[in-house]
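S.K.: show me the folded form of this:
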Amino acid sequence: MKDSLLNDVLFRRAFIVSMIIGILARFIVLRINNKQYPSRPQDYLEQIIMSGLAASLGAIAFPALIDKEFSALTFFAVAIQQFQGVASQERITLKNIDENEIVPKGAAYIEEIASTYEVRSYISLFASLGASVVYIFLARRYNLGVLLCTIAATVVGVIIGLIFRRYLRRNSLGDIADVVEAKITFEESALLVNEVFITNIGLEDTKNKYIKDGLAIEIVPKNLGDFGIINDLGQREAILHNIYLHLGINKDVDEPDIVAISKTDLNKNTVVIPFIPVLKDIELMKEVVKSTPIIEASKNKQSAYRSKTS
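M.R.: Sure, this is the predicted structure:
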């Protein structure tokens, strides 16, 4: 960097170290499995590229400020637009895929995924920026060596990554509700779960399938305010989709009698769900429901229940 207050060696070292730390910080909160889209290895490649771009912007921001190159800060605006564009593309992709899902995610769950996808893109940028500030400050102010500056920058980058991880952690259904096994019964053609009417089933084969292979759970909120969350339609769609992801559903597209549906018991303020999974495991089903993230949109839609408890 000619005419720079930083010498070339310091700039290169700080830039490389900060960029690597920014990329690694993104992996602190990266969770990928083969049950989500995009899955391995596509999402790893995409995240490496995005985190590399974000980290490079963060790494160059502080040297630019030192040299009073304020125009370089416009890169932050470009980065924000890029992150929003990636989230928008993710939203479109998920919506297109959702149209062909046997048990769809629903619009609320897709919006939750897309917004989280955008926010997580900032981890690399700020972890890299923090690492760059610490590295350059220690090298110039105290004339520390490469190793000590790198260690200090790494510690700061990890701390920033952990702060983001804690901030981005979403509560799950298990934090606000208990999940218990429920009983599937029939009264003539009426499918019932714990005496709650679900739907009418006309075919005897389908009735037998529900009795033989079906599982059912009841979600019991810890208070009336929490019932407003689990009773939200978007939240219930997210629960059903998570069950489908982990247990599958034993039906084809032309079997309308086999439904993935939830119903509310307004007498007990609970939600019941019957399901015919491919993998029949009631304990796994309960754990899947408990691990379903609480969607932000569901927290305020039925906030009157929360007001009713106060």
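S.K.: list the contacts for residue 207?
M.R.: Taking Cβ atoms under 8 Å, 6 or more residues apart in numbering, we find residue 207 in contact with 186, 191, 201. The C-beta positions use only the backbone N, C-alpha and C, and glycine is treated the same way.
S.K.: can I get the residues you listed in JSON lines including pLDDT, distance to residue 151 and neighbour count?
M.R.: Below are the contacts of residue 207 laid out as JSON lines (pLDDT from 0 to 100; distance: Cβ to Cβ, whole Å; neighbours: other Cβ atoms under 10 Å):
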{"residue": "186", "pLDDT": "96", "distance to residue 151": "66", "neighbour count": "14"}
{"residue": "191", "pLDDT": "96", "distance to residue 151": "62", "neighbour count": "24"}
{"residue": "201", "pLDDT": "93", "distance to residue 151": "65", "neighbour count": "19"}
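S.K.: which one of those residues sits closest to residue 110?
M.R.: residue 191 (28.6 Å; Cβ to Cβ).
S.K.: in strands, which of the contacts of residue 207 fall?
M.R.: 186, 191 (DSSP state E).
S.K.: from the contacts of residue 207, pick the one nearest residue 68.
M.R.: residue 191 (71.0 Å).
S.K.: I'd say that closest one and residue 203 touch.
M.R.: No - counting by Cβ atoms under 8 Å, residue 191 does not reach residue 203; the two are 11.5 Å apart.
S.K.: in the stretch 101-250 of the chain, which spans are helices?
M.R.: Along the stretch 101-250 of the chain, the stretches classed as helices by DSSP state H, counting those that start in this stretch are 107-120, 122-141, 146-168, 204-213, 224-230, 233-247.
S.K.: which one of the contacts of residue 207 sits closest to residue 85?
M.R.: Looking across these and measuring by Cβ to Cβ, the closest to residue 85 is residue 191, at 45.1 Å.
S.K.: tell me the bridge partners for the closest one.
M.R.: residue 186, residue 199 (DSSP bridges).
S.K.: quick one, what contacts it?
M.R.: So residue 191 contacts 184, 197, 198, 199, 200, 201, 207, 210, 274 (Cβ under 8 Å, 6+ apart).
S.K.: so in this protein, where's the weakest helix or strand by average pLDDT?
M.R.: helix 304-309 (a mean of 70; mean pLDDT, DSSP states H and E).
S.K.: for it, what is the distance to the chain centroid?
M.R.: The chain centre lies 27 Å from the centre of helix 304-309; the measure is Cα atoms, centre = their mean, to the nearest Å.
S.K.: in PDB, list the C-alpha atoms belonging to that helix.
M.R.: In PDB, the C-alpha atoms belonging to helix 304-309 read as follows (Å, rounded to 0.1, in the frame of the first residue of the first chain):
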ATOM      1  CA  ALA A 304     -53.700 -11.700  23.500                       C
ATOM      2  CA  TYR A 305     -53.100 -15.000  25.200                       C
ATOM      3  CA  ARG A 306     -50.100 -13.600  26.900                       C
ATOM      4  CA  SER A 307     -52.100 -10.500  28.000                       C
ATOM      5  CA  LYS A 308     -54.800 -12.800  29.400                       C
ATOM      6  CA  THR A 309     -52.300 -14.400  31.800                       C
END
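S.K.: can you tell me which of the contacts of residue 207 is nearest residue 229?
M.R.: Distances from residue 229 to the contacts of residue 207, taken by Cβ to Cβ, are shortest for residue 191, at 25.5 Å.
S.K.: please report how far the residue nearest the centre of the chain lies from residue 107.
M.R.: With distances taken as Cα atoms, centre = their mean, residue 113 lies nearest the centre of the chain, 5.2 Å away. Residue 113 is 11 Å from residue 107, where distance means Cβ to Cβ, to the nearest Å.
S.K.: next one: residue 124
M.R.: 29 Å.
S.K.: between those two, which one's more packed in?
M.R.: residue 124 (34 against 16; other Cβ atoms under 10 Å).
S.K.: so that one sits against residue 48, correct?
M.R.: No - applying Cβ under 8 Å, one finds residue 124 not in contact with residue 48, separated by 10.0 Å.
S.K.: overlap in contacts of those two?
M.R.: Shared contacts of residue 124 and residue 48, counting by Cβ under 8 Å, 6+ apart, come down to residue 23.
S.K.: and residue 32, what's its pLDDT?
M.R.: pLDDT recorded at residue 32 is 54.
S.K.: contact partners for the closest residue to residue 185 other than its chain neighbours?
M.R.: Sequence neighbours aside, residue 192 is the residue nearest to residue 185 in space, at 4.9 Å (criterion: Cβ to Cβ, 6 or more residues apart in numbering). The neighbours of residue 192, taking Cβ under 8 Å, 6+ apart as the test, are 184, 185, 186, 198.
S.K.: quick one: residue 192 from residue 254, how far?
M.R.: 25 Å.
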